[in-house]
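A.B. asks: need a structure here:
(4 chains)
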Protein chains: 2
Amino acid sequence: MARRSTQAASEGTDKAKPVTSYDVAREAGVSQSAVSRYFTPGASVSARTRAKILKAVNKLGYQPNAIARSLITRRSSLVAVVVANLGFNPEFTSILGQSLSARGLNTLLFTLDHESDADHVIDQLWQYRVAGVVAAVTLPPRHVDMLSQREIPLVFVNRAYEEVPVNSVSCDQSEGERWLVDELCAAGHRRIAIVSGPEDSPVSRQRVSSAAERLANAGVKPVEIVVADFTYQGGREAMRKLAAGPARPDAIICANDMLAIGCMDEARHALGLRIPEDISIVGFDGSAPGQWASYDLVTIRQPTNLMVDAAIDMLMARIDDPQLITEKRVFSGELVRGASARLADT
Amino acid sequence: MARRSTQAASEGTDKAKPVTSYDVAREAGVSQSAVSRYFTPGASVSARTRAKILKAVNKLGYQPNAIARSLITRRSSLVAVVVANLGFNPEFTSILGQSLSARGLNTLLFTLDHESDADHVIDQLWQYRVAGVVAAVTLPPRHVDMLSQREIPLVFVNRAYEEVPVNSVSCDQSEGERWLVDELCAAGHRRIAIVSGPEDSPVSRQRVSSAAERLANAGVKPVEIVVADFTYQGGREAMRKLAAGPARPDAIICANDMLAIGCMDEARHALGLRIPEDISIVGFDGSAPGQWASYDLVTIRQPTNLMVDAAIDMLMARIDDPQLITEKRVFSGELVRGASARLADT
DNA sequence: AGAAGTTTAGCATTCGAATGCAACAATTGA
DNA sequence: TCAATTGTTGCATTCGAATGCTAAACTTCT
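C.D. replies: Numbering: from 1, shown residues only, chains lettered A, B, ... in the order given. A predicted model of the protein is given here:
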């Protein structure tokens, strides 16, 4: 085993030179405190020292060390973003990252496949003393409690908990499903099937139960409820199953756009059905592919931008005052009247 | 006023209690050093103290503070992942994040809209003393130099530089385009157009020039080269322009799948063309939507998993030994013989 | 049992920036 | 002009874990 210190010291060709606030202070002829204050928004530094420091900073190419800063201030500019691998709008992550960045926060991204990975994620984000957490997945209540005990602000997106008070922003799933059901029923559909997402997905469960309930109100019993995962392939298989069943439905309510797209492709390209003449298909999300001309989905568009902004607002309010009362913000979706379903004329 | 849960409300002054290694040491009756060594893989700790510490750790719920550790070791477990907002496979980010996580690294995600944002990103990742950088965007040479001076390992994905030596993994764009061109020519296409991505995108430039070159070799001059951005809408507009031009092409080579999808939708749904009877369209990427039945694109599938693994391998090798010579790994793509283009029979 | 070698434990220091405090300078008011 | 006020500055300490070094405890071998 080689001794690194001696080696590194001897071979000093082009060495990385970590510039510290002390270096800047020496260069500018001021104290390290002054340099620190220079980078602290509210601090009092005279114009003269300001100028001297600025010069030294530029000369040396100094960048404050966020690690050291976090250590002493006990807070970082990192926000953990926890998303599920499947079933979530990839554009959401992108928009969220950009909004965070615009507010000077950095994104620590965690993608989880299985809920069980949550333990690991919680450990990691705690180790990094993140300033907050935006979760678009379900976390077990004990993790929610843990974060709240540790006073780490947490905002859920499209999740709500009965048991624990949490901040959340969401799109009104029930309302959206009611709209969809009403549209389908008004257009005369009666043999309606539902394609559900995974059974452990709260979003899917909520959408499916809302739709089923509204159907029941309208005196319609779903001809079938098929469970699929939140993938294109899942949608195709679901459609295949429905077509093979006893009474082919004349309308399908899918738990998200991806499933709807899969259903449409299977219906058209494998089963030779016409949409919406032979069968109506509706989704939920308002994802980009759903709006492509090939699909032109009837769906509920979630106001992603609004939701992201709201989430960040809540998070930052919490960061400033961790004692704030929890709040849930629910946005209405927007019915997108595409051509994938036969709807009543407006 | 909202009602609070019994748990949270019971303790009026529930304070966050940051457990440190000293707390654990006291609880276990050992020194702080011992606790530290307990969490250091190669360190020597006797079975007895190990047990005592483990007990204390569990009792107090201790998690080492990654910030403090990073400060003293001068390295973090963070890897910066820099991607462009448009034009890149979202699944790439997801896979990369998971692979990093599997190796104990965390993902600091930066999404950039404009290349000019790169300055800010470089500042941020340097401030956090990231262990490495995976970039799927072009960075100005000065930034590449800066990272190399600071000895921060850097791996590019699908970018290569002539001027500076950098690590990179990529898919062989030229080879892929040659395959596509050859297929189209062999099938008898002669009026071939190209839809390019943004002119400041190296990936697009490389693909377009490779295709154009191969066409020239075959004695074919592109009927037109249309520039678009890397979006669905861009593809649609490009197709519209091409159709309005003097000689409508019988085949279109698109700089990526998204553009190809846009072209297909415009051709079919706005122009009433049949694909591939009236016009052949090919893409590049092998993205998921391109493989959906509605499109069934002829394209080049990039081996995303291989590329991600290779990138991480290179990065980790660099982290272990920053002096390693730079290396470029180029993978072949895979021709996907879909139905979006009329190809010669095999 | 004693010498020589090997683990293991603890002390003290280190990483780099933020901040309370006290000293000092600059400004204002009388 | 001097005192009171306000604004700046630097010193010294702090955050929490890692690590070189030394001393102590344990093995191993003769």
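
A.B. asks: C-alpha only now, for contacts and for neighbours.
C.D. replies: OK.

A.B. asks: got phi/psi on the residue nearest the centre of chain A?
C.D. replies: Of all residues in chain A, the one closest to the mean position by Cα atoms, centre = their mean is A:Ala136, 4.5 Å from it. Per-residue torsions, A:Ala136: phi -110, psi 30 (degrees, to the nearest 10).

A.B. asks: which residues in the stretch 151-300 of chain A form strands?
C.D. replies: Using DSSP state E, counting those that start in this stretch, the strands of the stretch 151-300 of chain A run over residues A:154-157, A:167-171, A:192-196, A:224-227, A:251-254, A:280-282, A:299-301.

A.B. asks: which of the ones you listed sits closest to chain B?
C.D. replies: When the strands of the stretch 151-300 of chain A are compared by Cα to the nearest Cα, strand A:167-171 sits nearest chain B, at 12.3 Å.

A.B. asks: please export the C-alpha coordinates of that closest one as CSV.
C.D. replies: The C-alpha coordinates for strand A:167-171 follow below in CSV (Å, rounded to 0.1, in the frame of the first residue of the first chain):
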residue,chain,number,x,y,z
ASN,A,167,-48.0,19.3,3.4
SER,A,168,-49.1,18.3,0.0
VAL,A,169,-50.1,19.6,-3.4
SER,A,170,-52.2,17.6,-5.6
CYS,A,171,-54.5,17.5,-8.5
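
A.B. asks: helices or strands next to it in the packing?
C.D. replies: Applying 3 or more Cα pairs under 8 Å, 6 or more residues apart in numbering or on different chains; DSSP states H and E, one finds that strand A:167-171 contacts strand A:154-157, helix A:304-320, strand A:328-331.

A.B. asks: tell me what the second one is packed against?
C.D. replies: Meaning helix A:304-320. Checking 3+ Cα pairs under 8 Å, 6+ apart, helix A:304-320 ends up next to helix A:90-102, strand A:132-135, strand A:154-157, strand A:167-171.

A.B. asks: not counting sequence-adjacent ones, nearest residue to A:Gly234?
C.D. replies: Setting aside the residues directly before and after it, A:Gly234 is nearest to A:Ala228 in space (Cα to Cα, 6 or more residues apart in numbering or on different chains), at 5.1 Å.

A.B. asks: can you give me the neighbour number for that neighbour?
C.D. replies: 22 (other Cα atoms under 10 Å in any protein chain shown).

A.B. asks: what does A:Arg268 give?
C.D. replies: Using other Cα under 10 Å: A:Arg268 sits among 16 other residues.

A.B. asks: that one is in contact with A:Pro276, isn't it?
C.D. replies: No - the criterion here is Cα atoms under 8 Å, and A:Arg268 misses it with A:Pro276 at 10.3 Å.

A.B. asks: between those two, which contacts overlap?
C.D. replies: Counting by Cα atoms under 8 Å, 6 or more residues apart in numbering or on different chains, no residue touches both A:Arg268 and A:Pro276.

A.B. asks: in CSV, list the helices and strands packed on helix A:304-320 along with mean neighbour count and mean pLDDT.
C.D. replies: Formatted as CSV, the helices and strands packed on helix A:304-320 follow (neighbours: other Cα atoms under 10 Å in any protein chain shown; pLDDT from 0 to 100):
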stretch, mean neighbour count, mean pLDDT
helix A:90-102, 19, 89
strand A:132-135, 24, 95
strand A:154-157, 25, 94
strand A:167-171, 25, 94
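
A.B. asks: re earlier: nearest to DNA strand C, of the helices and strands packed on strand A:167-171?
C.D. replies: Nearest to DNA strand C among these is helix A:304-320 (13.4 Å), distances taken as Cα to the nearest atom of the strand.

A.B. asks: which parts of that closest one are buried?
C.D. replies: A:304, A:307-312, A:314-316, A:318-319 (16 or more other Cα atoms under 10 Å in any protein chain shown).

A.B. asks: for stretch A:130-146, same thing?
C.D. replies: A:130-139, A:144-145.

A.B. asks: next: stretch A:51-63.
C.D. replies: The neighbour-count check on stretch A:51-63 (16+ other Cα under 10 Å) flags A:52-54, A:56-57, A:62-63 as buried.

A.B. asks: inside helices: which ones of those residues?
C.D. replies: Secondary structure from DSSP state H places A:52-54, A:56-57 of the buried residues of stretch A:51-63 in helices.

A.B. asks: quick one on the thing from earlier: among the buried residues of stretch A:130-146, which two are most distant?
C.D. replies: Within the buried residues of stretch A:130-146, A:Ala131 and A:Thr138 form the most distant pair, 19.6 Å apart (Cα to Cα).

A.B. asks: chain A - how does it break down into domains?
C.D. replies: Chain A resolves into domains spanning A:15-64, A:74-171+A:304-333, A:173-302 when parsed by automatic domain parsing.
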